[in-house]
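**Q** coordinates for the following, if possible.
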Amino acid sequence: MKKNYFIVLLACLFFSHSKAQVQTEIDPPFNIKTISFVQSGQNVIPIFNLQEGFQLQFDDLYGNEANYYYEIVHCDYNWAPSQLVKSEYIQGFDNQRIQDYENSFNTLQLYSHYRLPFPNKFTQFRVSGNYIIKILNEDRDVVFSRKFILYEDLVSVPLQIKRARDVRDINYMHNLDFAVKSNSITFVNPLQSVKVMLLQNGEFKQAIYNVKPQYTIGNDLIYKYDKETQFWGGNEFLYFDNKEIRASVNNINYVQAKDLYEPHLYINKPRGNQVYTYFPDVNGNFVVRNFNTQNNEIEADYAWVFFTLDAPSYYGKSDIYINGMFNNYALNDENRMDFNQKTGMYEKAIVIKQGFTNYQYVIADKKGKIDHANAIDGNFYQTENNYQVIVYYRGLNERYDKVIGKGTANSQNIVN
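**A** Numbers count the residues shown, from 1 in each chain. Just a heads-up that it's a prediction; the model follows:
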């Protein structure tokens, strides 16, 4: 009896230790803004070919040229540290100071802009997989962390977006219908060795995991599920553009000039009960730009952007947040709206770098679970979203989950 109890205790301790190791993204403090992965001069979803270069960029509003360092952790499919030692996934080493930075120029808000390119003279990646990059301060405390993925082109992933098969959801959800095909890998026991992660607009926090192949045709893995591969369609992102920071255009009602410019956006109302209306967005992304400058990275200013949502019926039920890629879809105090008892509206001011910014309103409970089914702006099958399927494979006797390919599709080409 004592022996069995001891075994159970060890198992529980091991399970708890394994769970504790799962890597989550750490939100930055108030002074760290505009964290982005950049490739070819554009903010992108951090999914890169193993052979491609990219940058991590961010701003420090203290503007004191502080010293920052970086640490890289290779993870398994579940975002727990993999079994590989650092020398197996990095050629060179990390824990180096970020050396490429410069201060803002001709802006009201002083800030230091940091760039960290990969590969660099210290760090080159050896293998594909899930990664976490941690940015550290001089005391080696984690300031913030971000997920990114490196993949190899070893499979093709034909992907098609379809309307939901359940008639109750057909007008509100998108279903991902896809396959995994390879001429270079013969899949052995694919139910165990192959895993996929499904993304909508590259949002890691809302990814779908642990969907197994429904059946196989030769070496092709087929995924044609009714429920397991569905996302709520949502609505097109809202936007504002203050590239001309003094002008009240592009969904900006008026601008006040104080220590920083304060653009007040037009009042938004819930769109869930309205007819779907298409207007182009960038699926949650943002573009930093200043109308009359040469270098947007250091010449674009910051502003206090004031958001107002006329939705009094939500008061006392759930929290409402403003998010997008500009804040990594974070559900925290900085992005949670406050209800104004006098006006009966939700309000929030957020410091955002100048440019074109997509945003959305989401409702979430105290644990951070988003209520997609009752979204403020509704769900429509016509909504244009980008979808990604990331494919993982661990062969016999292999010690890590390699990423062997990805598939992409857009719901603009949705079919029944």
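**Q** Pro280: what's it in contact with?
**A** Pro280 makes contact with Glu236, according to CB atoms under 8 Å, 6 or more residues apart in numbering. Yep, even glycine has a C-beta here, placed from its N, CA and C like the rest.
**Q** now do the residue nearest in space to the middle of the chain, the pLDDT please.
**A** The residue lying closest to the centre of the chain (CA atoms, centre = their mean) is Glu203, at 3.7 Å. Per-residue pLDDT puts Glu203 at 96.
**Q** isn't it up against Tyr329?
**A** Yes. Assessed by CB atoms under 8 Å, Glu203 is found in contact with Tyr329 at 5.6 Å.
**Q** which neighbours do those two share?
**A** Gly284.
**Q** OK, contacts around Asn296?
**A** Counting by CB under 8 Å, 6+ apart, the residues that Asn296 touches are Val288, Arg289, Asn290, Gly355.
**Q** list just the nearest of the residues you listed to Glu384.
**A** Gly355 (21.1 Å; CB to CB).
**Q** in the stretch 201-350 of the chain, where is pLDDT below threshold?
**A** Judged against pLDDT under 70, the stretch 201-350 of the chain has no low-scoring part.
**Q** now the helices for it?
**A** In the stretch 201-350 of the chain, the segments counted as helices under DSSP state H, counting those that start in this stretch are 296-299.
**Q** hmm, back to that, got the contacts of Asn296 as CSV, with neighbour count columns?
**A** As requested, the contacts of Asn296 are exported to CSV (neighbours: other CB atoms under 10 Å):
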residue, neighbour count
Val288, 22
Arg289, 17
Asn290, 21
Gly355, 22
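**Q** take these and keep only those in strands.
**A** Secondary structure from DSSP state E places Val288, Gly355 of the contacts of Asn296 in strands.
**Q** nearest to Gln21, of the contacts of Asn296?
**A** Nearest to Gln21 among the contacts of Asn296, counting by CB to CB, is Val288 at 35.0 Å.
**Q** hmm, back to that, of the contacts of Asn296, closest to Phe237?
**A** Checking those against Phe237 with CB to CB, the nearest one is Gly355 at 14.5 Å.
**Q** which residues touch that closest one?
**A** Asp241, Asn242, Lys243, Phe286, Val287, Val288, Arg289, Asn290, Asn296, Ala300.
**Q** before we move on, what about Lys353?
**A** Lys353 touches Lys33, Thr34, Asp59, Val288, Ala300, Asp301, Tyr302, Phe326, counting by CB under 8 Å, 6+ apart.
**Q** please report the distance of the closest residue to it other than its chain neighbours from Phe307.
**A** Distance criterion CB to CB, 6 or more residues apart in numbering; nearest residue to Lys353, sequence neighbours excluded, is Thr34 at 4.6 Å. As defined by CB to CB, to the nearest Å, Thr34 lies at a distance of 18 Å from Phe307.
**Q** buried residues in stretch 136-143?
**A** Residues of stretch 136-143 classed as buried by neighbour count (16 or more other CB atoms under 10 Å): Leu136, Val143.
**Q** from the chain's centre, how far out does that stretch sit?
**A** 23 Å (CA atoms, centre = their mean, to the nearest Å).
**Q** span of that stretch from start to end?
**A** 5 Å (CA to CA, to the nearest Å).
**Q** what of stretch 332-340?
**A** With CA to CA as the measure, stretch 332-340 spans 19 Å from end to end.
**Q** show me which positions of that stretch end up buried.
**A** Buried residues in stretch 332-340, counting neighbours by 16+ other CB under 10 Å, are found at Glu334, Asn335, Met337, Phe339.
**Q** any chance of JSON lines for these, columns distance to Ser184?
**A** Listed next are the buried residues of stretch 332-340 as JSON lines, based on distance: CB to CB, whole Å:
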{"residue": "Glu334", "distance to Ser184": "46"}
{"residue": "Asn335", "distance to Ser184": "44"}
{"residue": "Met337", "distance to Ser184": "50"}
{"residue": "Phe339", "distance to Ser184": "56"}
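**Q** widest-spaced pair of those?
**A** Glu334 and Phe339 (16.5 Å).
**Q** could the contacts of Gly355 go into TSV alongside distance to Ser182?
**A** Formatted as TSV, these follow (distance: CB to CB, whole Å):
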residue	distance to Ser182
Asp241	43
Asn242	47
Lys243	45
Phe286	36
Val287	36
Val288	39
Arg289	41
Asn290	46
Asn296	41
Ala300	44
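**Q** which of those sits closest to Gln109?
**A** Minimum distance to Gln109 across these is 9.8 Å, recorded for Ala300 (CB to CB).
**Q** wait, the closest one sits on Phe291?
**A** No. Counting by CB under 8 Å, Ala300 does not reach Phe291; the two are 9.7 Å apart.
**Q** give me the more crowded residue out of those two.
**A** Higher neighbour count among Ala300 and Phe291: Ala300, with 27 against 15, using other CB atoms under 10 Å.
**Q** could you tell me the end-to-end distance of stretch 73-89?
**A** 9 Å.
**Q** got it, and stretch 180-193?
**A** Stretch 180-193 has its terminal residues 13 Å apart, counting by CA to CA.
**Q** ditto for stretch 264-271
**A** 20 Å.
**Q** now do that stretch: distance to the chain's middle.
**A** On CA atoms, centre = their mean, the centre of stretch 264-271 falls 24 Å from that of its chain.
**Q** and the strands in the stretch 301-416 of the chain?
**A** Taking DSSP state E, counting those that start in this stretch as the test, the strands found in the stretch 301-416 of the chain are 302-309, 319-323, 338-340, 345-353, 355-364, 386-393, 402-410.
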